[in-house]
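1. following is a predicted model, sequence given first.
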Amino acid sequence: PQQLVAAADWLTDYFFRNGYEVLPEGIPEKKEGDDFESHGRVLYREQMLAMSVATRTLLASPNFYHINLTNHSTAKRLVEQLVKLDRLPQENPLEGLLLLRSAWRDYDVAMLLAERYKRVCKVSFSLQLFLGWLAVTSSALSSSLEQKVQTTNDTAASSSTADSGTSSKGRMLSEASQLISLPQEGVLGWLQVSLVHLIFAFSVAMTFIIAFDSILNSHGRWKQLRIGAGALESIIWKYRTRTGAFEIDDDMRSSRSPRLPETTLLQAIKMTRTNMLASANLSSSEFTKRYSKRVYKHFQDDGEPKPARGPLPADAEAVHFESHQPAPIDDHQSPTQPSKYIALRLEPAITFYQKRIPKYARRATAMRLLVVLLGIGASALARYEQVFFVILVTSAAAAATSWSEFADTQRKTERYTRSVQGLRDLLDWWRSLGEVEKASKAVISQLVNGTESIINAEQTAWTSTPASEGEEGKKDREQEEEQGEKGGGGKK
């Protein structure tokens, strides 16, 4: 306090002393021979007292900060702190924490059920392809055996007719050969009958699996649950960063609407939950049942947050790596600054897509190569009139093509590539801004909304059918390009 008083008095004295010195002599306020000590202090006594009190109040205020312009790291931290004080609360209120817990619970349950439906969908489709291939192969084999039995019978009948006019010794030899061929015909007939029963069993099993999958609707529920979980996650991140519909302005700080972000969060969660239940037809599922605590992965009830996963080596110039700070810890509920949002949301999204692009690209290439090899094999077998093996290889190629369309690896790779490109453009745009620009509410909202738009666009395009992928993918690309132009400041 004594230093504040001394500093305030010095500033007041310095200001009025310099002002008195520049006054010209001869005016009523300053006669010839007057100086500040003898005349100026008396002249400006009330003004100096008022300025001294105001300066002391200003310096003693908790909202008054000072920085050394030569210390850039300290100035940067202070700017981030001031932005946080201006945009975000120190912590979320109890009402917001309860809503976040409810939203994270819905998210965890949706991801759990989506994983289950995903496994059921893939297993059922694999069984359908395998049983279909077995049915086709068994049909071809049965037809081949039938032709072989018919050929054997025709040969035996021709031999019997030819030997009818021969000697008794020839007839005896013919009868002996027929007796020898009887066991072979019996085995072929038994195999043929068995194959007919197997074909029937394969058909019944495939029909049951198709009916079961149709009743369960595993494919539709899997995708809609993932979309709903992604929408909930975006809502949570926007609330934690106070962007979009959750942005706090001066009007919201007034007593008339103190809980507007929480009210908006409640409406967003209710609408997303209703849409997810309706689109995925989960009214008759286990979505709303009571789950054990181990299902919830976001510390809704217990647990301790761990450091977030860092970015890829290619992104080592990220904000928290520039300042040599440790990876931030995500507790999934606290207000989040832009630098922390980038480390916890944007960079992990890039990492997620980049890790899967080469894997899916290799799978797509391997599947296309397999189909080509099977086609070449079928052509070679047809050249040598191996009809049974031609049918076997052709049906295998059809099954491989069906699985490739179901896995959708090629379009998935394209979507991931577009998402990585959009997120990297957005991240590069953010890094090109200065510290003052990064403190702008509009710029922060653009960063968060752009990131969530790109992630949601990829998830929405995933649910589209291959037939409508072209038009919807074109719309998604146009939206991403528009977002990139906004975020990139016209760099494209």
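-> Cool, got the structure.
2. does the closest residue to A268 other than its chain neighbours count as helix, strand or coil?
-> Excluding its sequence neighbours, the residue lying closest to A268 (C-beta to C-beta, 6 or more residues apart in numbering) is I235, at 4.8 Å. The way it works is simple: take the backbone N, C-alpha and C, and place the C-beta from them, glycine included. Following DSSP: H, G, I helix; E, B strand; the rest coil, we place I235 in the helix state.
3. just to check, I235 is in contact with L266?
-> No: I235 is beyond contact range of L266, at 10.6 Å (criterion: C-beta atoms under 8 Å).
4. tell me which of those two has more neighbours.
-> More crowded of I235 and L266, by other C-beta atoms under 10 Å: I235, with 24 against 17.
5. how about the helices of the stretch 251-400 of the chain, start to end?
-> In the stretch 251-400 of the chain, the helices defined using DSSP state H, counting those that start in this stretch lie at 260-279, 319-322, 338-341, 347-383, 387-407.
6. tell me the angle the fourth one makes with helix 387-407.
-> For helix 347-383 and helix 387-407, the angle between their directions (axes from the mean of the first three to the mean of the last three C-alpha atoms, to 10 degrees) works out to 160 degrees.
7. other SSEs contacting helix 347-383?
-> Packed against helix 347-383 by the contact rule (3 or more C-beta pairs under 8 Å, 6 or more residues apart in numbering; DSSP states H and E) you find helix 387-407, helix 409-431, helix 441-463.
8. got the buried residues for the last one?
-> I take that to be helix 441-463. By neighbour count with 16 or more other C-beta atoms under 10 Å, helix 441-463 contains the buried residues 443-462.
9. again, but for the shortest one
-> The neighbour-count criterion (16+ other C-beta under 10 Å) identifies 389-400, 403-404, 407 as the buried residues of helix 387-407.
10. so how far is it from its chain's centroid?
-> The chain centroid and the centroid of helix 387-407 are separated by 32 Å under C-alpha atoms, centre = their mean, to the nearest Å.
11. check the last one too.
-> Distance, stretch centre to chain centre, for helix 441-463: 11 Å (C-alpha atoms, centre = their mean).
12. state the mean pLDDT of it.
-> Mean per-residue pLDDT for helix 441-463: 90.
13. now do that helix: which elements does it pack against?
-> Counting by 3+ C-beta pairs under 8 Å, 6+ apart, helix 441-463 packs on helix 218-241, helix 338-341, helix 347-383, helix 409-431, helix 466-488.
14. just checking, what packs against the first one?
-> Here helix 218-241 is seen to pack against helix 94-162, helix 260-279, helix 338-341, helix 441-463 when contacts are counted using 3+ C-beta pairs under 8 Å, 6+ apart.
15. try 6 Å
-> Counting contacts by 3 or more C-beta pairs under 6 Å, 6 or more residues apart in numbering; DSSP states H and E, helix 218-241 packs against helix 94-162, helix 260-279, helix 441-463.
16. what about those helices, which gets the closest to Q354?
-> helix 441-463 (13.2 Å; C-beta to C-beta).
17. returning to what we had before: just name the most buried of the helices of the stretch 251-400 of the chain.
-> Sort the helices of the stretch 251-400 of the chain by mean neighbour count, taking mean count of other C-beta atoms under 10 Å, and helix 338-341 sits at the top with a mean of 20.
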